[in-house]
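In: Here is the input, now give the coordinates:
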Amino acid sequence: MLLAAFCAIQGLATILMDLNRTHATHPQWLGHARFHVVWQTGTVVALAIVELVLLWAPGSLESERFYLAALLACMPMIGFFAALVTRRTYTGTLSDPDGIPPARFIVRGRQILVDMNLVAEIAGIIAVAAIVGIYHFSSLPRWNR
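Out: Now for the predicted structure:
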């Protein structure tokens with residue numbers, strides 16, 4: 001149930017965050033950039049649908065389907081971190097001036113900006129890891145815990 005909820009939220013959140021004026025219909029974005037964000041959104045939604053089918057469809061290999069769905073749920077987050085690490089090669093930025101501003105913190109007199117996309121992706125990885133851990137632990141025989 002937890003993984004299914006995560007997958008559904010991941011698919012729906014992508015639609016809500018990307019298919020709007022701040023991304024897919026942003027008037028200042030090049031048409032090709034808008035094409036890519038819609039392509040990415042479609043891919044994430046398609047993955048979410050496949051994940052939900054893997055989790056809810058009746059049949060054998062229930063445990064294997066669970067782990068495959070968890071792996072697929074991590075793919076958009078892995079893609080995010082790949083884009084994050086390589087963004088200097090294509091002069092990418094984490095946020096847009098018209099988008100969600102980064103959170104600002106003062107630590108030892110220094111201002112630190114934390115992008116909310118980064119926070120969401122880290123939280124997502126932690127959530128999937130916790131869900132997989134709960135699933136794995138709950139599937140162990142009682143004497144083996």
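
In: Every contact and neighbour count from this point should use C-alpha atoms.
Out: Fine.

In: Run the chain-centre distance for the helix or strand containing F66.
Out: Using DSSP states H and E, F66 falls within helix 62-86. Relative to its chain's centre, helix 62-86 lies at 8 Å (C-alpha atoms, centre = their mean, to the nearest Å).

In: Am I right that V132 sits in a helix?
Out: Yes: assignment of V132 by DSSP: H, G, I helix; E, B strand; the rest coil places it within a helix.

In: What distance do you get for it to A24?
Out: Separation of V132 from A24 (C-alpha to C-alpha, to the nearest Å): 33 Å.

In: quick one, which of these two is more surrounded?
Out: A24 (22 against 18; other C-alpha atoms under 10 Å).

In: picking up where we left off before, what is the rounded mean pLDDT of the helix holding F66?
Out: Averaging pLDDT along helix 62-86 gives 96.

In: so where is this structure shaky, pLDDT-wise?
Out: Within the chain, the segments meeting pLDDT under 70 span 142-145.

In: And the strands in it?
Out: 103-107, 110-114 (DSSP state E).

In: closest one to S60 among these?
Out: strand 110-114 (43.6 Å; C-alpha to C-alpha).

In: Please work out which residues outside the closest one touch it.
Out: P102, A103, R104, F105, I106 (C-alpha atoms under 8 Å, 6 or more residues apart in numbering).

In: Of these - the most surrounded one?
Out: Busiest of the contacts of strand 110-114 [other C-alpha under 10 Å] is P102, holding 17 neighbours.

In: Tell me how far that residue lies from H26.
Out: Distance from P102 to H26, by C-alpha to C-alpha: 19 Å.

In: How about the contacts made by the spatially most central residue of the chain?
Out: Among the residues of the chain, the one closest to the centroid is M77, at 4.4 Å (C-alpha atoms, centre = their mean). Counting by C-alpha under 8 Å, 6+ apart, M77 touches E121, G124, I125.

In: Good, we can wrap up now.
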